[in-house]
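Peer 1: Give me a model of this one.
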Amino acid sequence: MTYASERPAAPSGAVATTAVVLALCAGLLNLWGAGTVLSALRGESHIDTSLAVFSILGALLAAIALGYGAVLLLRRDETGRFLLILTSGLLTAVAFVALACALVDYQPDYGIDWLPAESHSLEAVNGLFNGLVGSVTALVHREWLAALTAAVLPFAVFLAASSGYTTRWIAYTPPRFRAESPYSQASLEPSDI
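Peer 2: Numbers count the residues shown, from 1 in each chain. Predicted structure coming up:
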């Protein structure tokens, strides 16, 4: 006979829940960044259309992947965890590429018309709150602080989703108790008629 005190404790799911909340925030911020570029594309500012389209599509795809992965992770599906790891890893890699380009002061051979440059502190805030678009802006403007802040949220999602605590929470299946009644189980014996 096993007692309740002898059963192993269930994983709390706090890290997985944190990954879900951060992923949803990152998805919403990617939507915000896509809206920022879309409004600049429609407005009177002259920005590079191909870069704008690719950054909008990338931000929308990242937002959808983060949102869908968060929902799947809440349902204890391993696919959601892998989706969050892949998407946040790609967003973090783009931000780190922007950081490396800013630190070595990479100058492309062609001019890119993009969103207007702002002060260093506003660029850092935009890097955090614009998702993939913030990373692209940091890359074009060569702002190392904006690239660093653009990497913070996706890297936090990556760490929380790839944590062993999240893996154990997904793998854990809670025990299912049901009341015993004569109607809960069908008789498997053939009746003599």
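Peer 1: Show me what the longest helix along the chain is packed up against.
Peer 2: Looking across the chain with DSSP state H, the single longest helix is helix 14-42. Under the contact criterion of 3 or more CB pairs under 8 Å, 6 or more residues apart in numbering; DSSP states H and E, helix 14-42 touches helix 49-74, helix 78-103, helix 120-129, helix 132-141, helix 144-161, helix 164-171. For every residue, glycine as well, the C-beta is placed using N, CA and C.
Peer 1: So which bits of that helix are buried?
Peer 2: Using 16 or more other CB atoms under 10 Å as the test for burial, helix 14-42 gives 15-20, 22-27, 29-34, 36-38, 40-41.
Peer 1: now do stretch 96-104
Peer 2: 96, 97, 98, 99, 101, 102.
Peer 1: And stretch 161-181, by the same measure?
Peer 2: 161, 162, 163, 165, 166, 167, 169, 170.
Peer 1: I'd say the fourth one and residue 18 touch.
Peer 2: No - proximity of residue 165 to residue 18 does not meet the contact threshold set by CB atoms under 8 Å, at 9.6 Å.
Peer 1: In space, not sequence, find me the middle residue of this protein.
Peer 2: In the chain, the centroid-proximal residue (CA atoms, centre = their mean) is residue 23; its distance is 3.6 Å.
Peer 1: Run a quick check on it versus residue 72, I expect a contact.
Peer 2: No - counting by CB under 8 Å, residue 23 sits too far from residue 72 to count as a contact (10.4 Å).
Peer 1: Who are the packing partners of the helix or strand bottoming out on mean pLDDT in the chain?
Peer 2: Across the helices and strands of the chain, the lowest-confidence element by mean pLDDT, DSSP states H and E is helix 120-129, at a mean of 86. With contacts defined as 3+ CB pairs under 8 Å, 6+ apart, helix 120-129 has these neighbours: helix 14-42, helix 132-141, helix 144-161.
Peer 1: Put together JSON lines for those helices, with mean pLDDT and distance to residue 54 on each row.
Peer 2: Output for the helices and strands packed on helix 120-129, formatted as JSON lines (pLDDT from 0 to 100; distance: least, CB to CB, whole Å):
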{"stretch": "helix 14-42", "mean pLDDT": "94", "distance to residue 54": "10"}
{"stretch": "helix 132-141", "mean pLDDT": "88", "distance to residue 54": "9"}
{"stretch": "helix 144-161", "mean pLDDT": "95", "distance to residue 54": "17"}
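Peer 1: Same list, these, but as TSV with distance to residue 89 please.
Peer 2: Below are these laid out as TSV (distance: least, CB to CB, whole Å):
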stretch	distance to residue 89
helix 14-42	12
helix 132-141	13
helix 144-161	5
